[in-house]
Structure formats: structure tokens, C-alpha cells
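Peer 1: Here's my sequence, what's the structure:
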Amino acid sequence: MTRRLLVLCTGNSARSQMAEGLWKAETDGDWEVYSAGSSPVGFVHPLAIQSMSEAGLDISNYHSKHLDQFLHDSFDLVVTVCDNAAQHCPVFSGAKQTLHWPFPDPAEVQGTQEERLAAFRSTRDQIVTRIKTHLLDHFSANEA
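Peer 2: Below you'll find the model as predicted:
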């Protein structure tokens, strides 16, 4: 049976989009993965797309979505990846588990193009580490 995940952020342009792509890659199709925002900006940040491409993942066809379209859906897991989303998102009564994993918003970083891209790379790497740790802990606990 396929499990379902919803990743929430405020703008649904960077962290949640990257987490969606990374979770899909790490679980190799075992999960249906979606992302959404409480105030979606309407696009996926170009530097999120670039940093994911560098990791071999294409999120260029992803789009920014509002969390309202998922309010009545059931999920095995809902993960918020920013503090604002954790504080302002509705409770997903259909979620079996909810986790809060705050990551810095790379879209807020000022500086040169390279400095900004470095922030996206760093956030991407933090997210993939957290996903791998969670999956390892989850599967280890289920095997015990």
C-alpha cells in the first residue's frame, strides 16, 4: 500500500518543493508525495530548481499549490518545513502523524548569485539528511 505525505511551507516555492522531490527520490515511488503552501507564491524558485538539478533531480515541472486543495485528503504524514507554516496551517485531521522540521528559507538570503545558490544547496542538503534520518529511524523501529 502506498503511503501519502504532504510537505507544507508558506510560499511553496523552495523548501517544500525541494522536500517533495527529495522524498520521492529517497523512497523510490513507495510514497505519494505532495507539497503546498499557506500563501503560495505561484512559482518554484529558479535556484531551488537549479540546486535540485545539481543533485540529479528535476523539479522544473513542479508548481506552487495552496494547502486548501489538500484539506480533506488523508495523509500518513504531514511535515511542515518552516515555522510560519507550523503556526498558521490548519490541523490536518486526516494526518496519521504530523512533524515539524524547520529549515532556513534560502529565498531570503541576500548576496551574489553564488551566495544565494549556496544557501539553496545548504538547505537542500539539510532536508535530504533529515529525510534519510527519519526514514532510517522509521524503518529500523518497524523492523525491531
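Peer 1: Could you pull out the buried residues of stretch 18-32?
Peer 2: Of all the residues in stretch 18-32, those buried under the rule 16 or more other C-beta atoms under 10 Å are Met18, Ala19, Glu20, Gly21, Leu22, Trp23, Lys24, Ala25, Thr27, Trp31. Where you see a C-beta, it was placed from the backbone N, CA and C, and this is true even at glycine.
Peer 1: Let me know the closest of the residues you listed to Ser122.
Peer 2: Using C-beta to C-beta, Met18 comes nearest to Ser122 of these, at 11.2 Å.
Peer 1: Am I right that that closest one falls within a helix?
Peer 2: Yes. The assignment for Met18 is a helix, going by DSSP: H, G, I helix; E, B strand; the rest coil.
Peer 1: Pretty sure it sits against Met52.
Peer 2: Yes. Between Met18 and Met52 a contact is recorded at 5.9 Å, counting by C-beta atoms under 8 Å.
Peer 1: where do the contact lists of these two overlap?
Peer 2: Both Met18 and Met52 are in contact with Ile59, Arg124, where contact means C-beta atoms under 8 Å, 6 or more residues apart in numbering.
Peer 1: circling back: what about the buried residues of stretch 18-32, which are in strands?
Peer 2: If you go by DSSP state E, the buried residues of stretch 18-32 have Trp31 in strands.
Peer 1: Can I get the buried residues of stretch 18-32 in TSV including pLDDT and distance to Pro40?
Peer 2: Formatted as TSV, the buried residues of stretch 18-32 follow (pLDDT from 0 to 100; distance: C-beta to C-beta, whole Å):
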residue	pLDDT	distance to Pro40
Met18	98	15
Ala19	98	15
Glu20	98	13
Gly21	98	17
Leu22	98	19
Trp23	97	19
Lys24	97	19
Ala25	96	23
Thr27	94	24
Trp31	95	22
